[in-house]
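>>> predicted model and sequence follow; I will ask about them next.
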Amino acid sequence: MKHSLRILAASLLLLQPALGTSISWFDGSGDVIVNPTGTALDSSFIFEIGTFGSFVPTDNNLDQWAANWKVFDRAVIGDGWNPAEGYFTSFAQLSETGTPGLGQSSFSAETFQSGEVAYLWVYNALDLVPTSQWALVRDSTNGPGSGSWLMPTADDNAVDSTDWDLLQANQAILGMVNGVMGPGDYTPIGNPGGGAAWLQLAAVPEPGSCLLLGVAGLLGLWRRKRAA
């Protein structure tokens with residue numbers, strides 16, 4: 001049943017008018033998306049797909065994420081994010097010039113290159129304060145025909161849609177996705193079973209905490225070099 005609902009979500013997105021290369025991104029009804037303590041997300045959360053260009057996000061440079069983030073599409077309450085049912089779904093076009101289609105122009109004027117690494121970023125606020133909760137995940141599968149989340153080649157004559165399903169995600173830069181535990185402060189939930197995807201956000205450390213983590217890492221590296 002959950003598999004059928006996931007297919008239905010993707011099919012409905014494909015009914016949207018094509019204005020270029022299209023990306024459908026979604027999760028399925030019955031998937032589990034929770035905060036650091038395991039509670040379902042409320043209406044304050046925002047779901048975005050995008051890239052960081054040449055910047056590589058890690059848990060040691062959280063303070064630089066927002067400045068380097070290039071949002072491609074967004075789902076919010078009433079427009080793609082349904083907290084009552086616990087799922088998100090959206091559809092976006094990439095024009096031949098590499099810019100987002102008309103539907104996204106109100107919040108994104110970025111240019112995207114083919115092959116840029118794409119991510120799903122879920123958050124309730126971008127401030128580095130204890131009340132902020134983030135998850136940053138992607139599908140990093142490699143190889144021919146893989147579903148890796150990479151920006152496609154822009155083509156105004158494209159017919160097929162690129163589908164990014166949360167169930168495909170297998171890398172967590174922050175938080176946890178489908179059992180893959182990334183960095184962050186959260187109490188991991190278990191596998192919900194039934195073929196469902198699951199995503200858990202992490203509490204965002206304050207800037208001072210990030211600095212301390214970075215210093216600790218450098219000290220550890222220095223000690224290993226001295227011991228070598």
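Thanks, I have the structure now. Values in this document were obtained by computation on a predicted structure and should not be read as measured data.
>>> which stretches of the chain have low pLDDT?
By pLDDT under 70, the weakly predicted segments of the chain are 1-20, 101-108, 143-147, 158-159, 208-228.
>>> the helices in this protein, which residues?
Assigned by DSSP state H, the chain shows helices spanning 2-14, 65-68, 207-227.
>>> check which residues of the shortest one are buried.
Residues of helix 65-68 classed as buried: residue 65 (neighbour count, 16 or more other CB atoms under 10 Å). All C-beta atoms are positioned from the backbone trio N, CA, C, and that covers glycine.
>>> hmm, who's touching that helix?
Identification of contacts with helix 65-68 by CB atoms under 8 Å, 6 or more residues apart in numbering yields 52, 53, 55, 57, 121, 126, 136.
>>> would you confirm that the first one contacts residue 71?
No - with contact defined as CB atoms under 8 Å, residue 52 does not count as touching residue 71 (10.6 Å).
>>> distance between the ends of stretch 113-133?
Taking CA to CA, to the nearest Å, stretch 113-133 runs 29 Å from one end to the other.
>>> list the buried residues in that stretch.
Within stretch 113-133, the residues scored as buried using 16+ other CB under 10 Å are 116, 117, 118, 119, 120, 121, 122, 123, 124, 128, 132, 133.
>>> can I get those residues in CSV with distance to residue 200?
Listed next are the buried residues of stretch 113-133 as CSV, based on distance: CB to CB, whole Å:
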residue, distance to residue 200
116, 26
117, 22
118, 20
119, 16
120, 13
121, 14
122, 10
123, 13
124, 14
128, 19
132, 15
133, 10
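>>> re earlier: farthest-apart pair in the contacts of helix 65-68, please.
The most widely separated members of the contacts of helix 65-68, counting by CB to CB, are 53 and 126 (17.5 Å).
>>> could you pull out the strands for the protein?
Ranges of strands within the chain are 21-26, 32-34, 46-51, 70-77, 80-82, 87-94, 118-123, 133-138, 161-165, 171-174, 176-177, 180-181, 198-200, 202-203, based on DSSP state E.
>>> could you check how far the fifth one is from the centre of its chain?
A distance of 15 Å separates the centroid of the chain from that of strand 80-82, by CA atoms, centre = their mean, to the nearest Å.
>>> ok, the third one next?
Taking CA atoms, centre = their mean, the mean C-alpha location of strand 46-51 is offset from the chain mean by 6 Å.
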